[in-house]
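**Student:** sequence isn't available, so here's the structure alone:
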């Protein structure tokens, strides 16, 4: 029933760690799929929510492409969303949904995230990437809150690789923009993503690498009560 949240530095490899960790744990993976549940709650398209999060007009994509990415890496519960995907697509065509980031209120968005994250935690066996899971689920006894961190250069290189950006300075600007948005979101939650006290375990992915970071979390979970284990015993 373990629920693992992955937050921390943007560009520290949370998506890579999350996908591999979900596979190792036979758990559901929530990244963009989390957006689907939030979109349903507030009556918005996923593309509008993605734009709201990243405030970057270059990422506007067709609904079908966003949903395809959202399903990537899922193991157990993808099928139950089929009816919702159809309903979302139908509602979008009839103009009943919020289709721009300006139409989505920040506090409305955070409220929907809280509700969706608690629902996922209730179901259990999940890996949740970003979206403030560590703050929202801080009082959930089954939640293991993992902070992933890395040096600036390592994160810029990852942004360049993942976003296919050739220019270093441009990648730095993208990273700073995403970090600012992340901090703003956490502020609404009354937290900060770089506050180490938010986490049960903190991992430097630049030092360990992705595979060893996944191994560290798995070993941590295997100890039983994670809060009784020191970080040094794991990493």
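**Tutor:** Structure received. What you are looking at is a predicted structure, and each value in this text was computed from that prediction instead of being measured.
**Student:** now do the strands in the chain.
**Tutor:** Secondary structure of the chain (DSSP state E): strands at 3-8, 28-30, 126-129, 143-149, 201-204.
**Student:** in the sheet, which strands lie alongside the shortest one, parallel or antiparallel?
**Tutor:** Which is strand 28-30. Taking DSSP bridges as the criterion, strand 28-30 forms sheet pairs with strand 126-129 (parallel).
**Student:** now the strand it pairs with: mean pLDDT?
**Tutor:** If you average the pLDDT over strand 126-129, you get 95.
**Student:** and that strand, how far from the chain's centre?
**Tutor:** Centroid separation for strand 126-129 versus its chain: 7 Å, with Cα atoms, centre = their mean, to the nearest Å.
**Student:** what are the contacting residues of that strand?
**Tutor:** Contact with strand 126-129 is made by 3-6, 14-15, 18, 21-22, 25, 27-31, 34, 117, 120, 137, as judged by Cβ atoms under 8 Å, 6 or more residues apart in numbering. Every residue, glycine included, has its C-beta placed from N, CA and C.
**Student:** and the angle for the helix ranked longest in the chain with strand 3-8?
**Tutor:** Ranked by residue count, the top helix of the chain under DSSP state H comes out as helix 168-188. Direction vectors for helix 168-188 and strand 3-8, defined by axes from the mean of the first three to the mean of the last three Cα atoms, to 10 degrees, enclose an angle of 130 degrees.
**Student:** what sits up against helix 168-188?
**Tutor:** Residues contacting helix 168-188 (Cβ under 8 Å, 6+ apart): 9-11, 53-56, 106-107, 110, 130-132, 135, 155-157, 159-160, 163, 165, 192-193.
**Student:** mind doing that once more with 7 Å?
**Tutor:** For helix 168-188, contacts defined as Cβ atoms under 7 Å, 6 or more residues apart in numbering pick out 10-11, 53-55, 106-107, 110, 132, 135, 155-156, 159-160, 163, 165, 192-193.
**Student:** can you pull the buried residues of that helix?
**Tutor:** Residues of helix 168-188 classed as buried: 171-172, 174-175, 178-179, 181-182, 185-186 (neighbour count, 16 or more other Cβ atoms under 10 Å).
**Student:** please compute how far that helix lies from its chain's middle.
**Tutor:** 14 Å.
**Student:** redo the strands of the chain as a markdown table? Include mean neighbour count.
**Tutor:** Shown next, in a markdown table, are the strands of the chain (neighbours: other Cβ atoms under 10 Å):
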| stretch | mean neighbour count |
| --- | --- |
| strand 3-8 | 28 |
| strand 28-30 | 25 |
| strand 126-129 | 28 |
| strand 143-149 | 24 |
| strand 201-204 | 20 |
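**Student:** now these in TSV, with distance to residue 219?
**Tutor:** Formatted as TSV, those follow (distance: least, Cβ to Cβ, whole Å):
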stretch	distance to residue 219
strand 3-8	13
strand 28-30	20
strand 126-129	16
strand 143-149	12
strand 201-204	10
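**Student:** out of the ones you listed, flag the one nearest residue 222.
**Tutor:** Smallest distance to residue 222 across those (Cβ to Cβ): 11.3 Å, for strand 143-149.
**Student:** what's the angle between that closest one and strand 3-8?
**Tutor:** Strand 143-149 and strand 3-8 meet at an angle of 20 degrees, taking the same axes, to 10 degrees as the criterion.
**Student:** got a list of contacts for strand 143-149?
**Tutor:** Residues from elsewhere that reach strand 143-149 (Cβ under 7 Å, 6+ apart): 2-9, 12-14, 17, 121, 134, 137, 196, 198-205, 213, 217, 220-221, 226.
**Student:** so how far is it off the chain centroid?
**Tutor:** Relative to its parent chain, strand 143-149 has a centroid offset of 11 Å by Cα atoms, centre = their mean.
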